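Asker: I need the structure of the sequence given here:
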Amino acid sequence: MTGSIPALGRGASCAVVAEVRFGLGIPVGTHPMPQWIQSADAIAAVTRTAAASGFDHVFVTDHPAPPRRWLVGGGHDTFDPFVALTAVALADPEIGLLTNLVPLAYRHPLVLAKAAASLDTLAGGRLTLGVGVGYLRSEFAALDVPFDERNTRFDAALHALGRLWADGSVEVMAGGDRVDEVVPRPAAPRGRIPIWIGGNAARTRQRVVDHAQGWMPMPNPAAYARTVRSPSLEGPDDLAVMLRDLWRRANQAERSEPIEIVFVVGEGGNPATRDFQPSEHLDALGAYAELGVTGNNVTIDGRDLSETLDRVAAYGATVIEAFAQLGE
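Answerer: Sure thing, here's the model as predicted:
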């Protein structure tokens with residue numbers, strides 16, 4: 001889906017401007033969810049415009065049980081990511097699919113593995129599974145998942161998914177002392193589904209090195225760090241420190257597989273508004289690319305479908321196309 005870092009461990013010295021790819025979020029990130037996006041035809045229109053505008057993938061986040069207090073305080077609605085991304089896959093035969101992101105503890109690993117492999121199979125191997133630990137204590141409670149076990153469950157799920165996609169089966173306790181071999185089908189068509197892990201913690205970066213193909217650090221002002229239970233990340237200087245730590249861990253592990261670095265570049269303002277500054281955004285993209293960022297995720301919405309499609313196309317022309325020319 002996205003370009004790769006050409007030399008793992010080069011850190012801030014690597015220049016990968018031409019490698020950066022772009023992802024577009026389905027515009028459901030408000031509460032209440034806009035009525036105009038609530039159809040397969042609307043999702044298809046956004047997807048086709050994204051593909052025509054140079055976007056590499058489309059993403060959908062995951063909140064199966066958002067608490068009302070969080071929603072009215074600035075949270076957002078969303079579709080089930082696997083259902084919505086099926087509509088995306090049907091709308092365009094090539095665009096990539098990304099869950100951005102699924103808290104692993106929300107679903108049993110076997111159920112998640114089945115949903116992900118089913119979508120990946122039907123889409124012809126285009127899914128990347130973006131995952132995270134999760135931070136909404138009340139959503140964990142609503143799903144009857146112990147919040148304090150989220151890290152343990154996350155790590156167990158990573159191991160289970162890796163075994164399922166590598167071996168095609170996994171042994172599970174089936175009551176009492178009996179162990180059954182579970183063989184879920186379909187199998188992932190590529191032998192695995194790439195995993196990108198979101199979050200800013202050092203523990204997250206180690207998980208990326210050990211289990212994943214990509215890291216999705218998140219812009220996080222210091223004022224919100226405690227609320228979302230993730231270290232602050234306020235600009236390229238903060239990200240550079242974190243990336244140096246990632247490369248150090250990767251080198252210590254003697255890892256040779258490239259790691260995707262997918263970020264949300266906010267400089268230049270909101271691409272969905274008239275105040276958006278493409279030149280400032282392009283400058284920032286170049287700076288982040290020099291640090292090693294290989295992908296930029298954006299969400300672009302408007303007052304209705306027509307305005308949204310226009311703004312997506314405008315981003316493609318003023319940013320994606322312009323950025324590609326910088327790398328030539």
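Asker: alpha carbons only for contacts and neighbour counts from here, please
Answerer: OK.
Asker: Just say helix, strand or coil for the residue most central in space within the chain.
Answerer: For the chain, the residue nearest the mean C-alpha position is residue 100 (3.3 Å; CA atoms, centre = their mean). Judged by DSSP: H, G, I helix; E, B strand; the rest coil, the three-state class of residue 100 is strand.
Asker: This protein: helices as residue ranges?
Answerer: If DSSP state H is used as the criterion, the helices of the chain fall at 40-52, 68-72, 81-91, 109-122, 137-142, 150-167, 202-211, 236-252, 278-291, 305-315, 321-326.
Asker: how about those helices in CSV, adding mean pLDDT and distance to residue 131?
Answerer: CSV is the format used below for those (pLDDT from 0 to 100; distance: least, CA to CA, whole Å):
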stretch, mean pLDDT, distance to residue 131
helix 40-52, 98, 22
helix 68-72, 95, 21
helix 81-91, 98, 12
helix 109-122, 94, 11
helix 137-142, 96, 15
helix 150-167, 92, 9
helix 202-211, 97, 11
helix 236-252, 96, 18
helix 278-291, 96, 22
helix 305-315, 97, 25
helix 321-326, 92, 28
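Asker: out of these, which comes closest to residue 30?
Answerer: Proximity to residue 30 (CA to CA) singles out helix 68-72 among these, at 8.4 Å.
Asker: just to revisit the earlier point, possible to save the helices of the chain as JSON lines with mean neighbour count and distance to residue 34?
Answerer: Compiled in JSON lines, the helices of the chain are given as follows (neighbours: other CA atoms under 10 Å; distance: least, CA to CA, whole Å):
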{"stretch": "helix 40-52", "mean neighbour count": "20", "distance to residue 34": "11"}
{"stretch": "helix 68-72", "mean neighbour count": "12", "distance to residue 34": "14"}
{"stretch": "helix 81-91", "mean neighbour count": "21", "distance to residue 34": "15"}
{"stretch": "helix 109-122", "mean neighbour count": "19", "distance to residue 34": "25"}
{"stretch": "helix 137-142", "mean neighbour count": "16", "distance to residue 34": "22"}
{"stretch": "helix 150-167", "mean neighbour count": "18", "distance to residue 34": "31"}
{"stretch": "helix 202-211", "mean neighbour count": "18", "distance to residue 34": "33"}
{"stretch": "helix 236-252", "mean neighbour count": "17", "distance to residue 34": "33"}
{"stretch": "helix 278-291", "mean neighbour count": "20", "distance to residue 34": "26"}
{"stretch": "helix 305-315", "mean neighbour count": "19", "distance to residue 34": "10"}
{"stretch": "helix 321-326", "mean neighbour count": "14", "distance to residue 34": "29"}
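Asker: contacting residues for the closest residue to the residue nearest to the centre of the chain other than its chain neighbours?
Answerer: Leaving aside its chain neighbours, residue 100 sits nearest to residue 61 (4.6 Å; criterion: CA to CA, 6 or more residues apart in numbering). Shown in contact with residue 61 (CA atoms under 8 Å, 6 or more residues apart in numbering): 78, 79, 80, 81, 99, 100, 101, 102.
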